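Chemist: Predicted model and sequence below, questions to follow.
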Amino acid sequence: MRWAVIVFPGSNCDEDAALAIDRVLGDAVDLVWHDQRDLSAYDAIILPGGFSYGDYLRSGAIARFAPAVAGVREAVQRGALVLGICNGFQVLTEAGLLPGALLVNDHLQFCCELAELQVENTKTPFTLDYAAGERIRIPIAHRDGRYHADAATLTRLRREQRIAFRYVQNPNGSAQDIAGVLGANGRVLGLMPHPERAVAEWMRSADGARMFTSMHRFVEQQGASLAASAEGVGRLG
Amino acid sequence: MTKWRATVRVWLKPSVFDPQGHAVLQALTSLGHEGVEQVRIGKSIELTVAADNRDEAEAKVRRACEELLCNPVMETYAVLVEEEAQ
């Protein structure tokens, strides 16, 4: 499978994300500049952490108008996987590809720590390789990470099992301890924690690696079933 | 075309916790400013807009608010348009 990591002016976790994919999976991964709209070559797209466009006005507010985000919108339509990490999560909410918004932390401080997360839903392309109810450790590093959505949206997210991860100890005042949410089609995940910073024991945790292996396995299985059905059609013809 | 000065004020919706406002309220209270019951901190954005009349200027600014300046998920806004002093 082929991965894209979108690079905005001010992204700073793009290379870490590409290195993590290479290290964990050995898959092909391209760093793609934000002015490229055509992302049709990619099975999975990562919007990395950082401070796109300086986070001027609001985090992610200006990045959402980049051609690459229009490309991400098209990729979502065709069912490609999209993973927004930290600033990438903020961009996806600003773009309306995920519900809610990320506000300044309730204590106004930057949080930089290894956070414990509860995996809430293991039936997603991003969490297949985690065990149900598992607790994992993934670092966070943000000032604007307080997840906010109105009551009706929170109810819908819960009912549709679109809360992927919750914090075991809420670090920022996020509604319902939410650390990561899924899009309506289940193929888009945004989360504040950084899985790319937890892919080896020397990083204090390797728990992030399974987010990438999950995505890889999902895409490969999907490809295999598509190939099988195409073969079936061929035989019938 | 006339030049218009528009002031856009953007705040968090009343239902959204404003930690900056909360911290400033606590500071004011501890400094003895009695009677201050609530503080909400927002942004003020000034734009100079060329338009034939006030309605057109305001419509342009409102479009900017809807598309970029305000995120309606968490924020609300108000627009004031005045003719720019010559």
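Modeler: Thanks, I have the structure now. Because the structure is a prediction, the values reported are computed rather than measured.
Chemist: show me where chain A has strands.
Modeler: In chain order, chain A shows strands spanning A:2-7, A:28-33, A:44-47, A:81-85, A:101-103, A:111-119, A:135-142, A:146-148, A:163-167, A:178-182, A:188-191, with DSSP state E as the criterion.
Chemist: could these be laid out in CSV, adding mean pLDDT, distance to chain B and mean neighbour count?
Modeler: In short, each C-beta sits where N, CA and C put it, glycine included. Compiled in CSV, the strands of chain A are given as follows (pLDDT from 0 to 100; distance: least, CB to the nearest CB, whole Å; neighbours: other CB atoms under 10 Å in any protein chain shown):
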stretch, mean pLDDT, distance to chain B, mean neighbour count
strand A:2-7, 98, 20, 24
strand A:28-33, 98, 22, 17
strand A:44-47, 98, 17, 28
strand A:81-85, 98, 16, 28
strand A:101-103, 98, 4, 26
strand A:111-119, 97, 13, 17
strand A:135-142, 98, 14, 20
strand A:146-148, 98, 6, 25
strand A:163-167, 98, 17, 22
strand A:178-182, 98, 13, 27
strand A:188-191, 98, 13, 27
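Chemist: Show me the shaky parts of chain A.
Modeler: In the predicted model, chain A carries pLDDT under 70 at residues A:232-237.
Chemist: Find the centremost residue of it, please.
Modeler: Per CA atoms, centre = their mean, the C-alpha nearest to the average position across chain A is that of residue A:83, at 2.5 Å.
Chemist: which residues touch that residue?
Modeler: For residue A:83, the residues meeting the contact criterion (CB atoms under 8 Å, 6 or more residues apart in numbering or on different chains) are A:44-47, A:126, A:188-190, A:211, A:215.
Chemist: Now flag whichever of the residues you listed is closest to residue A:90.
Modeler: Distance to residue A:90, by CB to CB, is smallest for residue A:190 among the contacts of residue A:83, at 8.0 Å.
Chemist: Against chain B, how distant is the closest residue to that closest one other than its chain neighbours?
Modeler: If you skip the residues right next to it in sequence, residue A:190 has residue A:89 as its closest partner in space, 3.4 Å away by CB to CB, 6 or more residues apart in numbering or on different chains. From residue A:89 across to chain B, the span is 14 Å (CB to the nearest CB, to the nearest Å).
Chemist: Done for today, thanks.
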